[in-house]
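**Student:** After the sequence you'll find the predicted model.
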Amino acid sequence: MKIFPKLFRMFLFVIIAPLLITAVFLFQYQKHAKKELLQNYLNTVEVFAFSLENYALDLSRNINALLANQTLQEQTSTLQNQIIKDTNILFISLFSPEGKELARAKNIDFEDLPTMDLSQNNELKDLPSGQVKINYPEDIFPPYTTITLKQNNGNILLMVADITNLITQTELHKIGNSGGLYFLDKDGYHVLSASTLPIINLSEQNLDLQGTISNFKTQTGLILAGAYIKNPIGEGYLFLLQNQKEAFYTINLISWLIVFFVLATTTLSYFASMYFAEDLAEPMDKLIEAANEITKNNFSVHIDENKYLEEFTPLIKTFNSMAVKLKEYQTVQLDKLLEEQNKVNLLARLMRDGIVMCTLDGTELFANKTAKHILTSEAFAENIEKTIRLEDLKDPSLKELLKVPSGTVFNYMKDGKPAYFEVVIETFRPQNQEPVAIILFRDITSEHEISEMKNDVFNAVAHDLRAPILGIQGYIMLLEEGNLSKEEQNQMLNAISNSSKMLVNLVENILDISKLERGLLVLNKTTFDLSKTVNDIIYALTPLAKQKNLELKVNSENNLPIDADKNLLERVFSNLISNAIKFTSEGGVFIDIQKDGQNYRITVRDTGIGIPKEELPKIFKKYHQADRNVKGYGLGLTIVKQIIDAHKGNIEVTSEANKGTTFSIILPINLEGAA
């Protein structure tokens, strides 16, 4: 039966999950209920200990107060009156500090008790004045307790009292009939209990001041549960224990009832699912069979909706309706599929990359215009021959192309220029058809050109780094020999300093362009005088201009405050002015600074060789050099543009060949207020 396992899994989820929750609840309930029961035992034994303590303290202190300031004869009479007055007092005796009995009073049960001597009882003799102590005579029941009080004059008052009533009142609070109070000495040995209670030995237990016991096993195999507390004014412990089965009977009974109810519910659910499975299985099987037919594109299936349970009628009607709609939908989708296929073919034909579909034996199924151009190029056969190492391959086919590893790079001539493409080959199997291969010729010409350009730049940087580094090493070796004059040493140190500055400038340019591109360069804004900053740069570059007999002039008002990053703007003007000097052989370099509303307009004009018109749009691109015969890396103007953009400004360039170049900069006076 196919449906039964499904129903059974559902049954497991619906029933077993609550069972697990019930089990957790049951465990927690038992744990909590037993804890509460043991706490009740602890409360009861605490009440008994408190009552016993109060009884002993009140009785001993009241008698002690009556005996104060009395003669020995009067004390004897007082003790006798107290025996008569309180029937729970069985015996009272007064001893000297040395332990000699001075006076006594007793009831009929202690008529034959001989005179007592406590001279050897150091424990009682060392009892502090005013302190009360309780002890229990062993193996005597009804339970008697001895109450001892040390008077201020050193005399010892000893009483024997019957605490049967106190025990009876306490045991009224216990549950069941098998428990009772136990009196144990300080080592955990049994001292006193009712004769109906089993003897216990807790000497091996680690007892605290108070606590509970849930499963103490006696020597007879009986398991007890209960609570205990340390004797408050004497040695030993007070225990309230009961047979564990009787103590936990109600809790265990409730737990078993819950377990029985859960198991009964589970069993009924199991057989109910089996009963209904047969009625549910047949229509479900029919629906599954019909659905399998639909997956085989057979939409003519139909199920009799009046043959099965009434609850299945809406489902079967819906299924039959779905089959009809699917048949109609199939017809519509076939038309749309043809339309989409035409669109895909059009897109493939218009792609810049070449794409070919073929069988695994090399039979072409589809190829766009770009792919056909590549396949018919003269270099195609040479590329395959070189890749798969076939000689004299005059007429290459797709079968040989499929042997080329995916990721191989080919080259050929396109519009008179070298072009590069990467071959990517993937194989897949359409449904119920033979496997086919898709070959993609991905155009990587631009990537190849960029890679070559970067390699050229990196090689140039590496070459220029190598030269000053080798120079520095050579000068250092000469200095280490120590055979140079002071003047020669200074010259070499200056050469080392200049080479170091070249290295630092190159590295700073490379690092700064990287920071600017990633937005990591943070502006350190200060307010400074723009005219003074530009004049300081002019002063520093004047010796360079004089070497070429160039005029270096600035036209500016004094005191032009600006809110910007001073160090970065110094690099901008230093770069522009030094470039102007580099590319100017006669004439001069002229700087003009004017205030224009909320901005400063700065122009740097030279009378140098100028920049070709076709190079002007590329002048600010990274690694681009308008004049490749001039030493450099194409980073300076890129950094200038990035710094101006970071200050929310604008830079433009105009130039005329052999007449000069002019850079125009617009900078906001207040960076915070700039748009």
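**Tutor:** Everything's here; your move. Residues are numbered from 1 along each chain as shown.

**Student:** export stretch 424-436 as CSV, just CAs?
**Tutor:** Only the C-alpha atoms of stretch 424-436 are listed here, as CSV (Å, rounded to 0.1, in the frame of the first residue of the first chain):
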residue,chain,number,x,y,z
VAL,A,424,35.3,28.0,-24.1
ILE,A,425,33.8,24.5,-24.9
GLU,A,426,30.8,23.1,-22.9
THR,A,427,29.0,19.8,-23.6
PHE,A,428,25.4,19.1,-22.6
ARG,A,429,22.6,16.6,-23.4
PRO,A,430,19.2,18.0,-24.4
GLN,A,431,16.2,15.9,-23.2
ASN,A,432,15.8,12.7,-25.2
GLN,A,433,18.5,13.9,-27.7
GLU,A,434,22.1,13.2,-28.6
PRO,A,435,24.7,15.3,-26.7
VAL,A,436,25.8,18.6,-28.3
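
**Student:** what does it contact?
**Tutor:** Residues from elsewhere that reach stretch 424-436, judged by Cβ atoms under 8 Å, 6 or more residues apart in numbering: 357-360, 365, 402, 404, 406-407, 437-440, 442. The way it works is simple: take the backbone N, C-alpha and C, and place the C-beta from them, glycine included.

**Student:** Could you tell me which of those residues are located in helices?
**Tutor:** Mapping the contacts of stretch 424-436 onto helices (DSSP state H) picks out no residues; all lie outside.

**Student:** Most neighbours among those, please name it.
**Tutor:** Most neighbours among the contacts of stretch 424-436, by other Cβ atoms under 10 Å: residue 439, with 23 neighbours.

**Student:** Show me the beta-bridge partners of that residue.
**Tutor:** The partner list for residue 439 in beta bridges (DSSP bridges) reads residue 356, residue 425.

**Student:** same deal with the one 4 residues further on?
**Tutor:** Here residue 443 sits in beta bridges with residue 421, going by DSSP bridges.

**Student:** do the same with residue 228
**Tutor:** Using DSSP bridges, the bridge partners assigned to residue 228 are residue 211, residue 239.

**Student:** Quick check: it touching residue 216?
**Tutor:** No - assessed by Cβ atoms under 8 Å, residue 228 is found out of contact with residue 216, at 10.0 Å.

**Student:** Name the next helix or strand downstream of the longest helix along the chain, please.
**Tutor:** Ranked by residue count under DSSP H, the longest helix found in the chain is helix 17-67. Proceeding C-terminally, helix 17-67 gives way to helix 72-85 as the next helix or strand, assigned by DSSP states H and E.

**Student:** hang on, the earlier thing: I'd like the distance from the longest helix of the chain to the chain centre, please.
**Tutor:** The offset between the C-alpha centroid of helix 17-67 and the centroid of the whole chain comes to 46 Å, using Cα atoms, centre = their mean, to the nearest Å.

**Student:** Next: stretch 102-120.
**Tutor:** The chain centre lies 79 Å from the centre of stretch 102-120; the measure is Cα atoms, centre = their mean.

**Student:** Check which residues of that stretch are buried.
**Tutor:** 103-106, 118 (16 or more other Cβ atoms under 10 Å).

**Student:** Quick check: mean pLDDT of it?
**Tutor:** Average pLDDT, stretch 102-120: 81.

**Student:** Now do the helices in the stretch 551-675 of the chain.
**Tutor:** With DSSP state H, counting those that start in this stretch as the definition, the stretch 551-675 of the chain shows helices at residue ranges 566-582, 636-646.
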